[in-house]
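Participant: After the sequence you'll find the predicted model.
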Amino acid sequence: MSSELENNETKTEGEITPSATTKVESDKKKQRRMRREARKAEKARKEAAKSPLQNALETIAFVAFVFALALFIKNFVGQPVMVSGDSMNDTFKDGNIVWANKVGYEPERYDVVIVESDKTGGNQFIKRIMALPGETIRIDEDNKIWITPADGGEEYQLDDPYGYFGNYTYATSNGYPGITHSVSETGSYTCADDEYFVIGDNRFNSTDSRVLGAFTEEEIVEHVVVRIWPLNKIGNFDKSNTK
């Protein structure tokens, strides 16, 4: 009698056995799989229903978007630039690649910048800012740079850890690398209120403001912020020669 009661108690009406639970879960997975397959089939049907013209228009739209994005980055954000030539030795060598920025830049002394104007024949030159608006710059026969402040203060020798002179000596025959494009007979140059005097670090092999004159802020088209090639020199460059 007792055994019968126990058996009755274990057979509760409506109870789901483990095998039934497994079956319910399996049905749910099957339904989810069927829904996924149905969505894929619908997507494939819509793609197949597109005309060649629709496909072509979508491709053109995508290409136009990518081109516009690249153009925006180039014109308003920045771009990689390959250094060509030796005018920035020993900081940058020929073939180095740098990232040049265009966003929120205010020129400062010692910044490495890219200039472009009629004076450069429309070409882009990479140089270093050495004199600021209103200042007078002079280079003596010992290749020392002297600055007279815009407010007319006393002339002082500019700290210049960047000049690279190789095995050359001062070329007195033509005054180079002194200032030949001057507004006076003193071999000095006074920057206008919106002009910056730029020089290549390789002082004996650089066409720059010493010959071309100073550049306006508008003619400073980009600011070099980091070297990205070669890999063993990647990163920021500090205010000293990077050898």
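Facilitator: Yes, it's here.

Participant: quick check: domain ranges of the protein?
Facilitator: Domains of the chain are assigned by automatic domain parsing as 19-74, 80-233.

Participant: Lowest average confidence across those, which one?
Facilitator: Among the domains of the chain, domain 19-74 carries the lowest mean pLDDT, a mean of 68.

Participant: ok, now how distant is Ser26 from Lys40?
Facilitator: 21 Å (C-beta to C-beta, to the nearest Å). No exception for glycine: its C-beta is placed from N, CA and C like everyone else's.

Participant: got a markdown table for the domains of the chain, with mean neighbour count too?
Facilitator: Listed next are the domains of the chain as a markdown table, based on neighbours: other C-beta atoms under 10 Å:
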| stretch | mean neighbour count |
| --- | --- |
| domain 19-74 | 10 |
| domain 80-233 | 17 |
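
Participant: Would you map the helices across the protein?
Facilitator: Secondary structure of the chain (DSSP state H): helices located at 2-10, 18-49, 52-72, 209-212.

Participant: Surely Met88 touches Val198?
Facilitator: No. Taking contacts as C-beta atoms under 8 Å, Met88 lies outside contact range of Val198: 10.9 Å.

Participant: Which residues are in contact with each of those two?
Facilitator: Taking C-beta atoms under 8 Å, 6 or more residues apart in numbering as the contact criterion, the common neighbours of Met88 and Val198 are 127-128.

Participant: which residues touch the residue nearest to Phe165 when sequence neighbours are not counted?
Facilitator: Among residues not flanking Phe165 along the chain, Arg203 sits closest, at 5.7 Å (C-beta to C-beta, 6 or more residues apart in numbering). Arg203 makes contact with 143, 163-165, 177 under the criterion C-beta under 8 Å, 6+ apart.

Participant: now, which of those sits nearest Trp229?
Facilitator: For these, the residue nearest Trp229 by C-beta to C-beta is Tyr164; the value is 20.2 Å.

Participant: Just confirm the closest one contacts Asp201, I think it does.
Facilitator: Yes. Taking contacts as C-beta under 8 Å, Tyr164 lies within contact range of Asp201: 5.2 Å.

Participant: elements contacting the longest strand seen in the chain?
Facilitator: Counting residues, the longest strand found in the chain (DSSP state E) is strand 220-229. Here strand 220-229 is seen to pack against strand 78-82, strand 97-101, strand 112-116 when contacts are counted using 3 or more C-beta pairs under 8 Å, 6 or more residues apart in numbering; DSSP states H and E.

Participant: Of all those strands, which one is nearest Phe215?
Facilitator: strand 112-116 (4.7 Å).

Participant: The closest one pairs with which strands, parallel or anti?
Facilitator: The pairing partners recorded for strand 112-116 under DSSP bridges are strand 124-131 (antiparallel), strand 220-229 (antiparallel).

Participant: Report the separation between Arg35 and Arg45.
Facilitator: The gap separating Arg35 from Arg45 is 15 Å, by C-beta to C-beta.
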